[in-house]
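Participant: Sequence and predicted structure below; questions after.
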Amino acid sequence: MALFRRNRSRRATGPQSLRRSFVTPEGVDLQIELGGAGVRAAAFMVDAVSMLVLLIVVTIAIALLFVASKQSALAILWLLGFFVLRNGWFVLFEMGGRGATPGKRLMGLRVVARDGARLTGGAVIARNAMREIEVFLPLTFLMSQAVQGLADSFVTIFSLGWSGIFLFFPLFNRDRLRIGDLLAGTWVVRTVRGELGADLVRATERPRRIFTEAALDLYGVYELQTLEDVLRSGRDDAIATVAAAIRRKAGLPDDHDDRGFLDDYYAALCGRLERGLLVGRRRADKFA
Amino acid sequence: MTDTAPAAVSAFAPPQPVLVNASRFRAAHAADWERLEYLVSRIERRSVRALQDEDLLALPLLYRSALSSLAVARETSLDRALIVYLEQLCTRAYFQLYGVPSSALSQLGRFFRSAWPTAVRSIWRETLVAFLLTVAAAVVGYVLVRGDPSWFFGIVGDGMAQGRDPSASAESLRQTLYDTKGQDALATFAAFLFTHNAQIAIFAFALGFAFGVPTVLLIVYNGLTLGAFLAVFAPKGLGFGFVGWIMIHGTTEMFAIILSGAAGFRIGTAIAFPGRQARMDAAVTAGKTGATVMAGTVVMLAVAGVLEGIGRQTVTADLSRYAIGLAMLVGWLLYFYLPRGRHGVVPA
């Protein structure tokens, strides 16, 4: 029964869980999931690389044009373009309807206000202006020192340490907030798009097995939903293992139709536990 | 193990239409959920404008029915796929209905009509402090350099001085004030000044997070530099001209730097002394106000860049420079501090 063994301390919504209650004005708790540190870092890397590539491409294009035409307007274009790219990339994308930069979109993240209200321009600017001291300041510092050949170990350590404090800040609080998020009242949530899985208990033409009360009394909601996962995964070895485990526990003989057996057992158990729900009895797991 | 088995396995029930609530529930509402999902996907992919009028009207209703489906499903159904699906669908719909910022144009309009001046007015105390700090630092810089010219090099870097140091002759200093450079480089120079100063303004805001200490240093340094330069020009009889030279763009630029410093102070003080609010809430309020002010200073610095790069090089008469600088200052002060009605309209 390794499959149904549960680790109580891990499943409880402890500090590691990234699920947060999020009550809509209609009074329903949506239970949103926050973006983890790894996903956020990946999204930032995607954005940083895109910005760098864009900068290099545009710089080369402008340089070629400048060589061809000698227009000083091109230098202005580059200066303003660099400024907009550096300060505008995050702000403009996050102020758009998607609330996400291309990197965040790719990783399935979006920025939302912690209080569930509209994301204001002020909040987006605040959260991204802090990037200046989180990332760009130590980077520029390091780069200008390196250009002058003065990047001694102290400067390097200082700027790496400085950046480290800010870069790893999200790891030191449970909501994975950057300094910018902290100040702007925002957080980054996962946007998952899932399909509605098929109904496992849909009406069938074939007769279903009938189980005794004792056989259905073995499990609770947690085991039922684990069984649901097994059935939806459709993996034959897992289905065979679980069917064997249930048969052994309930004392049923093997009828060589694991899938059909589990489908019927799921339907019967689900119906039984649901009837319990209707009279206010929720059997959380097999220990309850 | 074999004692209960024979009875349990031989029994088969005839086919039943529906066994559990979840099936009935899915059959009754799945069409609504699918329509909502279709609409939300269209908004996510393109925008809310991609929807027909009837879809727009249906959207809130579909959202509420999906929310109530979720609430019911959580209490009556054990079909986890259903609940997870509804949670995801409702979250996506929620963010499309409640979380999306209003259109860029209307945000921009509101920013200039009310949000920016209101934010600037609300940090008037910090603005005053930043202004006094600048003035005090300028006086100190002036006194220091007048007393001992070697201070100048301690305050102003070589790159910034560009030969305008205490040992320069009056004639060469005069040239820096009134000489017009090649017209071609003016616009480029303006663009460079703008991006450079705007970056400094953003730093001044962001560094406010460290309880405002680096912001104070930035403001004081700015004032010291001003005083030091004044101390170079004034003894040579060029004080009046220098003030005009600085003023044409300086009223806008200095004001912008002071404001962004004030925005930094607001954050620093809100974090250090949150008052009756929770520290987090105080930081959020201050962060939003500060960011609004800071975004505005970028606009001001763009104006200052144009004035400095183009205006100063083409307008060389002292009085015109004074006039432009003062007009800009009065304009900004009226814009920010003139009392207005509730909707940002100036009362008659």
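Facilitator: Looks like it arrived, so ask away. Numbers count the residues shown, from 1 in each chain, chains lettered A, B, ... in the order given.

Participant: tell me the contacts of the residue in the stretch 1-150 of chain A that chain B sits nearest to?
Facilitator: Nearest to chain B, among the residues of the stretch 1-150 of chain A, is A:Ala126, at 3.5 Å (CB to the nearest CB). To be clear about C-beta, it is placed using only N, CA and C from the backbone, and glycine gets the same treatment. Contacts for A:Ala126 (CB atoms under 8 Å, 6 or more residues apart in numbering or on different chains) come out as A:Gly180, A:Leu183, A:Ala184, B:Gly287, B:Lys288, B:Gly290, B:Ala291.

Participant: separation between the residue nearest to B:Val232 when sequence neighbours are not counted and B:Phe229?
Facilitator: The spatial neighbour of B:Val232 that comes closest, neighbours along the chain excluded (CB to CB, 6 or more residues apart in numbering or on different chains), is B:Pro166 at 5.4 Å. From B:Pro166 across to B:Phe229, the span is 10 Å (CB to CB, to the nearest Å).

Participant: Comparing these two, which shows the higher neighbour count?
Facilitator: B:Phe229 (24 against 19; other CB atoms under 10 Å in any protein chain shown).

Participant: Tell me which stretches of the stretch 101-250 of chain A form helices.
Facilitator: A:102-106, A:121-129, A:131, A:137-147, A:153-167, A:179-184, A:213-216, A:221-233, A:236-250 (DSSP state H, counting those that start in this stretch).

Participant: what does the shortest one contact?
Facilitator: It stands for helix A:131. Outside helix A:131, the residues that touch it by CB under 8 Å, 6+ apart are A:Phe90, A:Gly180.

Participant: how far does that helix sit from the chain's center?
Facilitator: Chain-centre distance of helix A:131: 21 Å, with CA atoms, centre = their mean, to the nearest Å.

Participant: what pLDDT does residue 93 get?
Facilitator: All of this is about chain A. Note for A:Phe93: predicted pLDDT of 89.

Participant: right idea, wrong chain: chain B
Facilitator: 90.

Participant: Could you do the one 4 residues further on as well?
Facilitator: The pLDDT attached to B:Leu97 in the predicted structure is 85.

Participant: Could you give the number of residues near the closest residue to it other than its chain neighbours?
Facilitator: Closest residue to B:Leu97 apart from its sequence neighbours, by CB to CB, 6+ apart: B:Tyr63 at 5.9 Å. Neighbours of B:Tyr63 under the rule other CB under 10 Å: 24.

Participant: With only the CA atoms kept, save whichever strand or helix holds B:Tyr63 in CSV.
Facilitator: Taking DSSP states H and E as the criterion, B:Tyr63 maps to helix B:53-76. Taking Å, rounded to 0.1, in the frame of the first residue of the first chain, the C-alpha atoms of helix B:53-76 are listed here in CSV:
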residue,chain,number,x,y,z
ASP,B,53,-21.3,42.5,-27.6
GLU,B,54,-23.4,39.5,-26.5
ASP,B,55,-20.3,37.7,-25.3
LEU,B,56,-19.3,40.7,-23.3
LEU,B,57,-22.7,40.8,-21.6
ALA,B,58,-22.5,37.1,-20.9
LEU,B,59,-19.0,37.1,-19.5
PRO,B,60,-19.8,38.3,-15.9
LEU,B,61,-22.8,35.9,-15.7
LEU,B,62,-20.8,33.0,-16.9
TYR,B,63,-18.0,33.9,-14.4
ARG,B,64,-20.5,34.0,-11.5
SER,B,65,-22.1,30.8,-12.5
ALA,B,66,-18.6,29.1,-12.7
LEU,B,67,-17.8,30.5,-9.3
SER,B,68,-20.9,29.2,-7.8
SER,B,69,-20.3,25.8,-9.5
LEU,B,70,-16.9,25.8,-7.9
ALA,B,71,-18.4,26.5,-4.5
VAL,B,72,-21.0,23.8,-4.9
ALA,B,73,-18.5,21.3,-6.3
ARG,B,74,-16.1,21.7,-3.4
GLU,B,75,-18.9,20.8,-1.0
THR,B,76,-20.7,18.1,-2.8
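
Participant: tell me what that helix is packed against?
Facilitator: helix A:258-278, helix B:21-45, helix B:80-94 (3 or more CB pairs under 8 Å, 6 or more residues apart in numbering or on different chains; DSSP states H and E).

Participant: possible to save those helices as TSV with distance to B:Arg125 and mean neighbour count?
Facilitator: Shown next, in TSV, are those (distance: least, CB to CB, whole Å; neighbours: other CB atoms under 10 Å in any protein chain shown):
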stretch	distance to B:Arg125	mean neighbour count
helix A:258-278	58	19
helix B:21-45	43	17
helix B:80-94	38	22
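
Participant: mind putting those in a markdown table, distance to A:Arg174 included?
Facilitator: What follows is those, written out as a markdown table (distance: least, CB to CB, whole Å):
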| stretch | distance to A:Arg174 |
| --- | --- |
| helix A:258-278 | 32 |
| helix B:21-45 | 28 |
| helix B:80-94 | 20 |
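
Participant: Which of these sits closest to B:Val315?
Facilitator: For B:Val315, the closest of those is helix B:21-45, at 51.2 Å, according to CB to CB.

Participant: what about B:Arg46, neighbour count?
Facilitator: 11.

Participant: Pull up the gap between A:Arg248 and A:Ala215, please.
Facilitator: According to CB to CB, A:Arg248 stands 12 Å off from A:Ala215.

Participant: hmm, I was thinking of B:Leu226
Facilitator: Taken as CB to CB, the span from B:Leu226 to A:Ala215 is 87 Å.

Participant: and if you look at A:Val189?
Facilitator: 42 Å.

Participant: okay, the two: which has more neighbours?
Facilitator: More neighbours surround A:Val189 than the other of A:Val189 and A:Ala215, with 24 against 21 (other CB under 10 Å).

Participant: Next, count neighbours for the residue nearest to the more buried one when sequence neighbours are not counted.
Facilitator: Closest residue in space to A:Val189, ignoring its immediate chain neighbours: A:Ile32 at 5.0 Å, by CB to CB, 6+ apart. Number of residues near A:Ile32 (other CB under 10 Å) recorded here: 22.

Participant: and A:Ile32, bridged to which residues?
Facilitator: With DSSP bridges as the criterion, A:Ile32 is bridged to A:Arg20.

Participant: Show me how far stretch B:286-303 is from its chain's centre.
Facilitator: 5 Å.

Participant: Name the residues of that stretch that are buried.
Facilitator: B:286-298, B:300-303 (16 or more other CB atoms under 10 Å in any protein chain shown).

Participant: Contacting chain A as well, which ones from the residues you listed?
Facilitator: B:Ala286, B:Gly287, B:Lys288, B:Thr289, B:Gly290, B:Ala291, B:Thr292, B:Met294, B:Ala295 (CB under 8 Å from any CB of the partner chain).

Participant: Tabulate those (CSV), appending pLDDT and secondary structure.
Facilitator: Shown next, in CSV, are these (pLDDT from 0 to 100; DSSP: H, G, I helix; E, B strand; the rest coil):
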residue, pLDDT, secondary structure
B:Ala286, 91, helix
B:Gly287, 90, helix
B:Lys288, 90, helix
B:Thr289, 91, helix
B:Gly290, 92, helix
B:Ala291, 91, helix
B:Thr292, 92, helix
B:Met294, 91, helix
B:Ala295, 90, helix
